[in-house]
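*Asks:* okay, here's the prediction I keep looking at, along with the sequence it came from:
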Amino acid sequence: MEEKRALKILTDLIAIPSVNDHEADVADYLAGLFDGYPVQIKRVTFAPGRDNLVVTMGEQGPFLGFSGHEDVVATGNEKDWAFPPFSGTVDQGLVYGRGASDMKSGLAAQVVAMLDLLESGQELPGRLRLLASVGEETGEYGAAQLTSEGYANDLDGLVIGEPSAFDIKVTHKGVIDYKVTSVGKSAHSSRPDQGFNAITPLLTFAQRVQSVMAENDQSDATLGQLTHVLSQIGGGEQINSVPANAWLTGNIRTIPAYPNDEVMAQLEDIIEDLNKAGAKLSISYSYPEPPLPSQADTQLALLAQNLLKDTFHRSGALTAGSGATDASEYTKAGHLPIIIVGPAAGTTDHQVNENVAVDDYLTGCKFYKALAETFWAKMGNE
């Protein structure tokens, strides 16, 4: 594909303001790029205006998946941007805009690779499926939906185009966001015996959970130990009243050796003990995501590493990610090899003046195409 056309696909995507919503506009644009090609296109609606897109090409042979999310985070104060955040401005070798790095450059590069393969005029020796998902930035619920509906079940490998500077992320921690609410009884602060202070049991919970999390000595050679942060707390109505309601939130980053189910069970045990002592606590979770077990020994990771080193003269280092991705959901499809590798450096994610280097993006287009061809050739001979 001509570089000008490939670059336009990226800038067009950036121009779509899919901030935590409106992903259907991205799905519309991407689906239109595949008009007239021998592909299967399915829109999987999560909510009004929020469509996942699944594009499948090829009839038989090894089955590789490409994954990218359609949503982006909010822009912040647009006056702080050097260029309008939804303009896709190209300046001095960089493409600027919200999502330029995280991760419309990865998604666009995967689409360009697919179009190049379709336009090659040759019979495809394998199959390729694009999974473009909604809601990654707020809970990976598009990937959860696609996984539950079976779109990853028949894949032989999955490549997620999150920014990685052409390193290969083969593992990352999981995440548990939780909220504990406490119900008490209001009373005048001069007569506290007539009420029940909702804050008090929360303070006890905070002490207990910090102690339980700190006692864990399990560690992952790459990811290190589980981490826990009490991140928010609030409650009460005014200074001279016994608070009838209070709440706190916490964020936990989990590792394969200390998985989400075990951690959540410990939280709930603390809640149960405190409620037996008279508290009225409840806990809820916001899209908990399991960790990604190491993929370092998978054939997919090694193929990508060798290709990056030998053909594209990039590092291809096998690394660990610092945050959860859609991979957390796709692991639920079974023993599916998953790697995370994208063209953007990731140094400007979620910041003003988010950008990706034009040369890196164009290299990503070529890399994804070459990876699919290499994967098909290797897997087809086994």
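*Replies:* Cool, the structure landed.

*Asks:* buried stuff in stretch 303-310?
*Replies:* Across stretch 303-310, burial judged by 16 or more other CB atoms under 10 Å covers 303-305, 307-308. Using the backbone N, CA and C atoms, a C-beta is placed for each residue, glycine as well.

*Asks:* ok, so of those, who is nearest residue 85?
*Replies:* Distance ranking of the buried residues of stretch 303-310 against residue 85, using CB to CB, places residue 308 first at 30.3 Å.

*Asks:* separation between the closest one and residue 328?
*Replies:* Distance of residue 308 to residue 328, computed by CB to CB, to the nearest Å: 24 Å.

*Asks:* ok, now residue 341?
*Replies:* With the distance defined as CB to CB, residue 341 ends up 17 Å from residue 328.

*Asks:* go on, residue 365?
*Replies:* Distance from residue 365 to residue 328, counting by CB to CB: 26 Å.

*Asks:* ok, residue 105 touching residue 95?
*Replies:* Yes - between residue 105 and residue 95 there is a contact under CB atoms under 8 Å: 7.3 Å.

*Asks:* joint contacts of those two?
*Replies:* Common neighbours of residue 105 and residue 95 are listed as 10, 356, 361 (criterion: CB atoms under 8 Å, 6 or more residues apart in numbering).

*Asks:* okay, now the second one: neighbour count?
*Replies:* Translated: residue 356. 31 (other CB atoms under 10 Å).

*Asks:* now the first one
*Replies:* A count of nearby residues for residue 10, using other CB under 10 Å, gives 30.

*Asks:* what helix or strand is the nearest residue to it once chain neighbours are set aside on?
*Replies:* Distances taken as CB to CB, 6 or more residues apart in numbering put residue 108 closest to residue 10, at 4.2 Å, once the chain neighbours are dropped. Using DSSP states H and E, residue 108 maps to helix 104-118.

*Asks:* do residue 283 as well
*Replies:* Assigned by DSSP H and E, residue 283 falls in strand 281-285.

*Asks:* OK, contacts around residue 233?
*Replies:* Here residue 233 is in contact with 202, 206, 246-249 (CB under 8 Å, 6+ apart).

*Asks:* I'd like to know which of those is nearest to residue 369.
*Replies:* Closest to residue 369 out of these is residue 249 (43.3 Å), distances taken as CB to CB.

*Asks:* now do the buried residues in the helix or strand that closest one falls within.
*Replies:* Here residue 249, judged by DSSP H and E, is contained in strand 245-254. Under the neighbour-count criterion of 16+ other CB under 10 Å, strand 245-254 has 246-250, 252-254 buried.

*Asks:* hmm, residue 25 is touching residue 18, no?
*Replies:* Yes - with contact defined as CB under 8 Å, residue 25 counts as touching residue 18 (6.3 Å).

*Asks:* and those two? which has more neighbours close in?
*Replies:* Legend: neighbour count by other CB under 10 Å for residue 25 and residue 18, higher for residue 18 (26 against 17).

*Asks:* packing partners for the strand holding residue 249?
*Replies:* Contacts defined by 3 or more CB pairs under 8 Å, 6 or more residues apart in numbering; DSSP states H and E place strand 245-254 against strand 174-183, helix 199-215, strand 227-235, helix 260-276.

*Asks:* name the residues of the last one that are buried.
*Replies:* Burial within helix 260-276, assessed by neighbour count using 16+ other CB under 10 Å, is assigned to 260, 263-264, 266-267, 270-271, 274.

*Asks:* contact partners of that helix?
*Replies:* Residues outside helix 260-276 that contact it (CB under 8 Å, 6+ apart) are 174, 176, 178, 180, 201, 204-205, 208-209, 212, 226, 252, 254, 281-283, 285, 288-291.

*Asks:* need the buried ones from the residues you listed selected in PyMOL.
*Replies:* The PyMOL command for the buried members of these (criterion: 16+ other CB under 10 Å) is given here:
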select buried, resi 174+176+178+180+201+204+205+208+209+226+252+254+281+283+288+289+290+291
